[in-house]
Each structure stands twice: as C-alpha cells, then as structure tokens.
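*Asks:* Build the 3D model from these lines:
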Amino acid sequence: KECVSASADGTCILWDLTRFARNQIVFASTEFTRVRFRSDESQMITVGADRKLAYWECFDGSPIREMEIARAGTISALDISPDGHYLVTGGKDRVLKVFSYEEADLEFTGQGHSGDITALKICPHSRFVVSTGSDGAIYTWAFPCHE
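*Replies:* Have a look, this model is predicted:
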C-alpha cells in the first residue's frame with residue numbers, strides 16, 4: 001500500500017503505508033500543488049506553480065514527460081479519469097482542460113469560472129467533471145470524452 005504527497009517545497013514523496021517509510025522522492029524547482037497516481041500506480045502526475053504538467057516514474061522517480069499547459073498562473077487542480085485515459089487540470093487561468101493521458105493532447109477546454117479553479121473531480125463513470133472555484137461556483141461539466 002502506497003500514497004503520494006505533494007509539497008510547496010518542490011518535493012513529491014511516495015510513501016509505503018505498511019512500513020511507514022519513504023519509498024521514493026521527486027525534486028523539482030516548483031511548488032507542487034497536486035499529485036495523482038496513474039490507475040496502475042506506475043506513474044505520478046504533478047502540477048504546480050511552474051504551470052507544467054509532469055509525468056514521473058514511480059519506480060525510480062525519473063521524469064517521463066513535462067509540458068507547459070498554462071500561459072500564466074499556478075495550476076492548482078488535477079484529476080485522472082477512472083479508466084486512466086484522460087486527465088483534467090485547472091488553476092489561476094480559470095480554464096478547465098482535458099488531456100489524453102498517453103499522448104498528452106489537449107482534447108477540450110471549458111471556461112465559466114470567474115475565479116481560480118481550486119478543485120476538479122471526474123465522476124466514477126466518466127460522464128461528468130465537477131469543478132470548484134475561488135468565485136464560490138461549483139460547475140458540473142458533461143465529460144467531453146465520454147463514449
């Protein structure tokens with residue numbers, strides 16, 4: 001059993017919950033705001049103040065892919081679809097973005113919040129995405145990639 005934590009000090013730590021010990025640590029020159037496991041737990045996905053979406057190998061902490069996905073502001077929200085095919089992000093730019101997981105292609109953007117997007121969650125059947133914002137709004141979006 002493992003979990004992962006993200007920190008403002010530029011580290012993400014993969015924890016062993018059985019031994020109560022650190023298994024792996026990732027360092028970057030950013031303030032990490034969110035981290036999520038891929039569904040098979042082989043990779044971690046991070047976002048943060050550097051406006052980048054990054055993929056990391058859980059086994060050794062090595063970077064797999066990194067791409068800048070916002071023009072300005074911190075990315076503060078992240079979720080991965082239950083099937084592992086898509087991920088969603090949001091932040092200070094107030095834009096919800098849906099990416100394909102494997103190719104990291106931008107599949108959809110949604111605008112509606114008048115403040116920062118603070119949290120995102122894809123529903124278990126991948127039919128909706130719920131977003132919350134600093135404007136006090138809660139949006140339910142039809143998941144654009146639902147088949």
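*Asks:* CA only for contacts and neighbour counts going forward, please
*Replies:* OK.
*Asks:* As a quick check, tell me the outermost residue of the chain.
*Replies:* R19 (26.6 Å; Cα atoms, centre = their mean).
*Asks:* Tell me the spacing between it and E2.
*Replies:* 10 Å (Cα to Cα, to the nearest Å).
*Asks:* what's the answer for F27, then?
*Replies:* 19 Å.
*Asks:* Please apply the same query to G61.
*Replies:* Taking Cα to Cα, one finds G61 at 14 Å from E2.
*Asks:* out of those two, which sits in the busier spot?
*Replies:* G61 (19 against 15; other Cα atoms under 10 Å).
*Asks:* Helix, strand, or coil at that one?
*Replies:* When classified by DSSP: H, G, I helix; E, B strand; the rest coil, G61 comes out as coil.
*Asks:* is it true that it touches N23?
*Replies:* No. G61 lies out of contact with N23 (Cα atoms under 8 Å); the separation is 9.7 Å.
*Asks:* Quick check: the gap between L17 and F99.
*Replies:* For L17, the distance to F99 - Cα to Cα - is 30 Å.
*Asks:* quick one: which of the two has more around it?
*Replies:* F99 (19 against 12).
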